[in-house]
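Asker: Okay, sequence plus prediction incoming.
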Amino acid sequence: MGIKYEPAPDIQTKADEISKTVFPHVKLDRTKCYRSYGSSSRGTVARCHALGKLMQHTLNVKAHYALEFLSERFDKLDEEEKTKVIIHELMHIPKSFGGGFKHHDWVCDKNINMFYKQYIALKVEN
């Protein structure tokens, strides 16, 4: 049996809120969150998928990003860790929003924690 995917409106709401607060370059109408079930990957909690340049050209569409959250691992996390995982995946989306990725030299614990603190501070402020 393969991996099953379903829209994750609860995660989508949180990702949209985080994006509006600390990642304004993320185009909410072209970034969608999904929960997956049945992955055999080890240690993976979430993944960021992009529609690359060639497929954008082929389909005559702009870049889109899908954020996949592996239910078996993600759903067991506490709220702070879930928020940090969502931030981690959003950090992979470059400011150009062109279909590429920011790599783990940028998407690292130090920067994730920095954006988490910024998000919490701005959320409390509003």
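Answerer: Perfect, I can see it now. Numbering: from 1, shown residues only.

Asker: Residue 50 versus the closest residue to residue 17 other than its chain neighbours, what's the distance?
Answerer: Distances taken as Cβ to Cβ, 6 or more residues apart in numbering put residue 123 closest to residue 17, at 7.9 Å, once the chain neighbours are dropped. From N, CA and C alone the C-beta is placed, and that goes for glycine too. Taken as Cβ to Cβ, to the nearest Å, the spacing of residue 123 relative to residue 50 amounts to 27 Å.

Asker: Please say which of these two ends up with more neighbours.
Answerer: Counting neighbours by other Cβ atoms under 10 Å for residue 123 and for residue 50 shows that residue 50 has the greater number, 20 against 13.

Asker: show me what contacts the more buried one?
Answerer: 63, 64, 65, 66, 93, 99, 100, 101 (Cβ atoms under 8 Å, 6 or more residues apart in numbering).

Asker: In three-state terms, how would the fourth one be classified?
Answerer: Per DSSP: H, G, I helix; E, B strand; the rest coil, the local secondary structure of residue 66 is strand.

Asker: Now for it, how many residues are close by?
Answerer: The burial count assigned to residue 66 is 16, neighbours taken as other Cβ under 10 Å.

Asker: Quick check: nearest residue in space to it, chain neighbours excluded?
Answerer: With sequence-adjacent residues excluded and distances taken as Cβ to Cβ, 6+ apart, residue 66 is closest to residue 49, at 4.4 Å.

Asker: quick one: the one you found and residue 65 touch, right?
Answerer: Yes. Proximity of residue 49 to residue 65 meets the contact threshold set by Cβ atoms under 8 Å, at 6.9 Å.
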